[in-house]
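K.L.:
Fold the stuff below for me.
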Amino acid sequence: GLISIGEYSFADCTALASVNIPSSVKEIGDLAFCGCPNLASITVDEGNPVYDSREDCNAIIETASNKLVAGCKALEIPSSVKEIGRSALGGCAGLASITIPASVESIGDYAMCACDDLESVTVLSAKAYIGDDVFGDCPSLKDVNVPVGTIDYYRRFFDSTFDNSIIKENVI
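P.N.:
This is a model prediction of the structure:
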């Protein structure tokens, strides 16, 4: 059986609509599903000992670390996720908005880079670490909503990525 999905394995597969990760897969490389604009469904076989797609989240989550590895345009990040991995949603066309739960402690480099349709991000985490260029090349991004009292914290991560005027504090 298939045990590894390498970096960029399915990158830019415009016809790819769904992915089912079998129980035999033990490793998934960065950007494995980058640039797949029609990808609307991701599931992981329940018998997989390394990855899961809990709560029908349309994502691949590394079970032991609660790290989101890959997602698609229909993604809903479960509240148990602690990390959004490097390039986890890179090039995810069709993703218009996303809510990052309070449980997230770290968002990896380029996590949502080149998400052309991303307009709105709501961060519920009081102080998640933000990697490099997380929202780089997201031309539609208009709103980044952060918890009250955290705007200065988040502005320092985004100052080179986009105009910080789109960051707003909201009672969430």
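K.L.:
contacts for stretch 74-82?
P.N.:
Stretch 74-82 is contacted from outside by 40-41, 54-55, 57-59, 61, 65-68, 71, 84, 89, 92, 95, 98-106, using CB atoms under 8 Å, 6 or more residues apart in numbering. Yep, even glycine has a C-beta here, placed from its N, CA and C like the rest.
K.L.:
Stretch 12-32 too?
P.N.:
Here stretch 12-32 makes contact (CB under 8 Å, 6+ apart) with 1-11, 33-51, 53, 60, 69-70, 72, 85-87, 90-91.
K.L.:
Restricted to strands, list these.
P.N.:
When DSSP state E defines the strands, the subset of the contacts of stretch 12-32 inside them is Ser4, Ile5, Ser41, Ile42, Thr43, Val44, Tyr51, Ile60, Val69, Ala70.
K.L.:
Can you say which two of those are spatially most distant?
P.N.:
The two members of these with the most space between them (CB to CB) are Ser4 and Ser41, at 21.7 Å.
K.L.:
Show me the helices in the protein, by range?
P.N.:
151-158 (DSSP state H).
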